[in-house]
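> The sequence and its predicted three-dimensional model are supplied below.
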Amino acid sequence: MSRHDVDERELLQNLLQRGYRYALSLTHNNEKAEDLLQDAWLSVLSKGGPRHVGYLFATIRNRFIDLDRRAAVLLVEPLEEGDLAGMEPQAALEAEEVRVELLALESALGTLRPEEREVLFLTAVEGFTAREVSQLTRRPRGTILSLAYRARIKLREFMTRAESERRR
């Protein structure tokens with residue numbers, strides 16, 4: 001296998017991983033995200049589309065809308081609990097605190113509308129600018145900025161409430 005083949009395979013793997021994370025941000029469900037990515041990737045391949053992130057993300061988004069995923073009820077899946085029995089008490093306590101924080105974050109993300117999660121993912125995780133997200137989603141830049149702002153406010157409020165409830 002040539003170095004070119006290895007580089008191309010790594011680029012493709014990276015592209016598909018980013019596509020999966022984007023699909024997950026839209027669906028908020030592992031299995032639905034996998035199905036959405038697979039459906040979008042098959043569409044890209046069958047149409048001979050370019051293999052770059054913008055095209056794949058646009059295809060994922062269009063498939064998400066086409067499959068009426070916006071109307072689906074979003075379920076929050078609990079994270080798997082690890083075996084804390086063999087850990088030192090302090091380490092077990094810290095691990096439990098991290099698990100509680102992750103569950104709270106998962107719940108908080110579940111309260112966001114799909115378009116808010118989408119914009120938050122594209123800006124915070126993928127690092128796209130508001131202008132780039134605007135072009136990708138075909139929404140006005142002001143709408144993107146508003147969605148991102150509202151999503152961050154909702155997350156902050158949810159996490160603050162969750163923290164105050166834990167302290168009680």
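Structure received. Residues are numbered from 1 along each chain as shown.
> which residue is nearest the middle of the chain?
Ser25 (2.5 Å; C-alpha atoms, centre = their mean).
> which sections of the protein are below the confidence cut-off?
Scanning the chain for pLDDT under 70 picks out 1-2, 4-6, 68-87, 89-100, 102.
> okay, now the domains of it?
Per automatic domain parsing, the domain ranges recorded for the chain read 3-71, 89-167.
> quick one: the strands in this structure?
Using DSSP state E, no strands are found in the chain.
> can you count the residues close to the spatially closest residue to the residue nearest to the centre of the chain that is not a sequence neighbour?
Residue nearest to Ser25 in three dimensions, not counting chain neighbours: Phe121, with 3.3 Å by C-beta to C-beta, 6 or more residues apart in numbering. Every residue, glycine included, has its C-beta placed from N, CA and C. Phe121 sits with 21 neighbouring residues when counted by other C-beta atoms under 10 Å.
> Please name the residues that touch Phe121.
Applying C-beta atoms under 8 Å, 6 or more residues apart in numbering to Phe121 gives the contacts 21-22, 25-26.
> Could you report the separation of it from His28?
Phe121 sits 10 Å away from His28, going by C-beta to C-beta, to the nearest Å.
> Would you check that the residue nearest to the centre of the chain makes contact with Val119?
No: taking contacts as C-beta atoms under 8 Å, Ser25 lies outside contact range of Val119: 9.1 Å.
> buried set for stretch 52-62?
53, 55-61 (16 or more other C-beta atoms under 10 Å).
> Equivalent analysis for stretch 101-110, please.
Buried-residue list, stretch 101-110, by 16+ other C-beta under 10 Å: 104, 108-109.
> related to what we said a few turns ago, looking at neighbours, which among the contacts of Phe121 is most surrounded?
Per-residue neighbour counts (other C-beta under 10 Å) across these peak at Tyr22, which has 26 neighbours.
> quick one, phi/psi of Asn29?
phi -150, psi 130 (degrees, to the nearest 10).
> again with Gly127
Backbone phi and psi, for Gly127 under degrees, to the nearest 10, turn out to be phi 80, psi 20.
> Share the number of residues neighbouring it, please.
Gly127, neighbours per other C-beta under 10 Å, totals 8.
> ok, now how distant is it from Ser164?
Where Ser164 is concerned, Gly127 sits at a distance of 32 Å (C-beta to C-beta).
> again with Arg51
47 Å.
> Kindly report the same for Ser107.
For Ser107, the distance to Ser164 - C-beta to C-beta - is 15 Å.
> In this model Thr59 seems to touch Leu36, though I could be wrong.
No: judged on C-beta under 8 Å, Leu36 makes no contact with Thr59 at a distance of 9.8 Å.
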